[in-house]
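# Just to be clear, the model below is a prediction. Sequence and coordinates:
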Amino acid sequence: MRRSRLPWSSACHSMCTAAAQAIMSSMRSGPPAAYAERAAREGYFFSVPPSIERSPHFQDLVRRLPLESLLLESDAPALPPRAGERNVPANVAISCAAIARIKGVTPDVVAATTTANAIRLFTPR
């Protein structure tokens, strides 16, 4: 398992792969943006759930992090786009559209980049 030198790593769930890269998720109150930026520079990926629609924290992280550090996630049944609803995997399209809006690119660009990021993350080296 990869050991992070980041001071907030215990505040995030992280999953490590054979490639020794990590995904940071469930960051509802998560790391300060400066730490997230540092983690992105160190090769961490950040998964973005549909709750980005109602989360200023996720919106700020997406604004500050490079698209090459982002992944789409459904986190079903948790973290729906609207509070009180049940989340479903198809809601990754909501995450994709929100990232596109924030980054000023098309959803196709977000889909292609996050797919390439996932392939890069999960392809054994």
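That came in fine, so what should we check first? This one's a predicted model, so the numbers in the text were calculated from it and none came from an experiment.
# Could you use CA atoms for every contact and neighbour count after this?
OK.
# what does stretch 75-90 rub up against?
49-54, 73-74, 91, 94 (C-alpha atoms under 8 Å, 6 or more residues apart in numbering).
# Which members of the residues you listed define the maximum pairwise distance?
For those, with distances taken as C-alpha to C-alpha, the pair at the greatest spread is 54 and 73 (15.4 Å).
# List only those of the contacts of stretch 75-90 flagged as buried.
Buried by 16 or more other C-alpha atoms under 10 Å: 49-53, 73-74, 91, 94, out of those.
# check contacts around residue 97.
So residue 97 contacts 106-107 (C-alpha under 8 Å, 6+ apart).
# Now the helix or strand hosting it: average pLDDT?
Of the helices and strands defined by DSSP states H and E, residue 97 is found in helix 92-103. For helix 92-103, the mean per-residue pLDDT is 97.
# Could you list the buried residues of that helix?
Those would be 92-100, 103, for helix 92-103 by 16+ other C-alpha under 10 Å.
# One more: stretch 66-77?
67-76.
# residue contacts, residue 49?
72-75, 79-80, 92, 95.
# give me the element the spatially most central residue of the chain is part of.
Centrality entry for the chain: nearest residue to the mean C-alpha point is residue 47, 1.9 Å, by C-alpha atoms, centre = their mean. Under the criterion of DSSP H and E, residue 47 resides in strand 45-48.
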